[in-house]
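**Student:** Pasting the sequence and the predicted model now:
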Amino acid sequence: MGAGTSPADGTHAAEPAAEAESPEEDRVSEGTGEAVAAQEPGEAEASGEPVAEAEGAAAEAEGSGSTWAPSRRFSLTRDTARPEGGGRAAPGDAPAPARQWPLLTVLCTAGVGLLIVGTNAFDQAFRVGAMLMGIALLAGGVLRWVVPSVGMLAVRSRFTDLVTYGLMGTLIVLLALMAQPGPWLQVPILQDVVHFTIR
């Protein structure tokens, strides 16, 4: 590979260098070594040449031993924005776990629930562990609503995170309460619905 070339940027050192057709079309700016196109953007659109290809031709350096080739990868975005409230939950000089305390709270609570379910240490351990996992998600929703900066607990917009954490947490808690045998929550209409759908 040539100096300053990468397979990711679409330049290939194995291909022969294309010489500029005339000195008026391309010129290399002094001090930076970058090629600058003499053709204006409006001229590139008028000539039927796509703007991206015109910019790519402008980025070709004379005598660098590589040519510009369009990338075969399809990409819509080049960068993603941080979700609202996705900043640090503690000052920047705090240790990393302290900066992510909301996420660690949710993960540790869910981890304790998984541990209780996995060990099956007592009667109804599956129900208590599943309820802890649901409560962890509900706590994540509450933290997302109350705390202005929750770090990596913020995945999407605040509203979407609230709906997702709240809905998933509520469903897991309700399913844990209604699980057989000996459910802690009886829903009378649920039994009729099950009998109606099985018939």
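**Tutor:** Here it is on my side, so go on.

**Student:** And for the residue nearest to residue 168 when sequence neighbours are not counted, the neighbour number?
**Tutor:** In space, and not counting its chain neighbours, residue 168 is closest to residue 137: 5.1 Å by C-beta to C-beta, 6 or more residues apart in numbering. For the C-beta atoms, the positions are set from N, CA and C on the backbone; glycine is no exception. Applying other C-beta atoms under 10 Å, we find 22 residues neighbouring residue 137.

**Student:** Let me see the contact set for residue 137.
**Tutor:** 106, 110, 165-166, 168-169, 172 (C-beta atoms under 8 Å, 6 or more residues apart in numbering).

**Student:** at 6 Å what do you get?
**Tutor:** Shown in contact with residue 137 (C-beta atoms under 6 Å, 6 or more residues apart in numbering): 165, 168-169.

**Student:** what about it, distance to residue 93?
**Tutor:** 31 Å (C-beta to C-beta, to the nearest Å).

**Student:** re earlier: so the residue nearest to residue 168 is in which element?
**Tutor:** helix 125-146 (DSSP states H and E).

**Student:** swap in residue 180?
**Tutor:** Take DSSP H and E as the rule and residue 180 turns out to sit in neither a helix nor a strand.

**Student:** Can you show me the strands along the chain?
**Tutor:** Here the chain has its strands, by DSSP state E, at 11-12, 26-28, 35-37, 67-68.

**Student:** Check the average confidence over the last one, would you?
**Tutor:** Taken as a whole, strand 67-68 has an average pLDDT of 71.

**Student:** going forward can the numbers begin at 17, since that is how I track them
**Tutor:** Renumbered: residue one is now 17, and that last one reads strand 83-84.

**Student:** count of neighbours near residue 146?
**Tutor:** For residue 146, the neighbour count with other C-beta under 10 Å is 20.
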